[in-house]
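>>> Kindly generate the corresponding structure for this input.
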Amino acid sequence: MIPISSVLESREQHFLETKELLETQRFTLGGNWEYDRGSFDRSLDEGHKVWLRIPFEVIAGNIDVSETDNEAKIKLGTPYVLKHLYREGNDPEASVRVAGALFDQFQAPADPDAHVEPKWIDQAKEALHDVEQLFPH
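Here you go, the predicted model:
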């Protein structure tokens, strides 16, 4: 994980407005969001192994993606780029279970904090610069 300094750090925003702005730059709400925190994620590579992540915490209300009139306010954290390396082929820890397969269909990364090459850091900084231009100064 490589932190990237940004003018967005500590910025307080309405959740839905921020989500909509970031979606124009290919960000999605990260799958690990909670009602009081989360992140906006953008894949930087076609294999979905290198990500630019903008974390946030909820400072008023709570987020619920099913509500279109959500008034939650968030505080953006320090953006960072990270890389996940996945095992190729079958997961050696997987067990053969029919019912469990419905729930355990995704394997954990072999290395969730792999080395990030300089080209990805540069690409993340460029993407972040484009995002910063969307927000009034």
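>>> Can you report phi and psi for residue 24?
phi -70, psi -20 (degrees, to the nearest 10).
>>> Doesn't residue 26 belong to a helix?
No. If the criterion is DSSP: H, G, I helix; E, B strand; the rest coil, then residue 26 is coil and not within a helix.
>>> So for the protein, which residue is the most central one in space?
For the chain, the residue nearest the mean C-alpha position is residue 41 (2.5 Å; Cα atoms, centre = their mean).
>>> beta partners of it?
residue 28, residue 53 (DSSP bridges).
>>> Spit out the contact partners of it.
By Cβ atoms under 8 Å, 6 or more residues apart in numbering, the contact set of residue 41 is 27, 28, 29, 30, 51, 52, 53, 54. (C-beta placed from N, C-alpha, C; glycine too.)
>>> What is the neighbour count of the third one?
Applying the criterion other Cβ atoms under 10 Å, we find 17 residues in the vicinity of residue 29.
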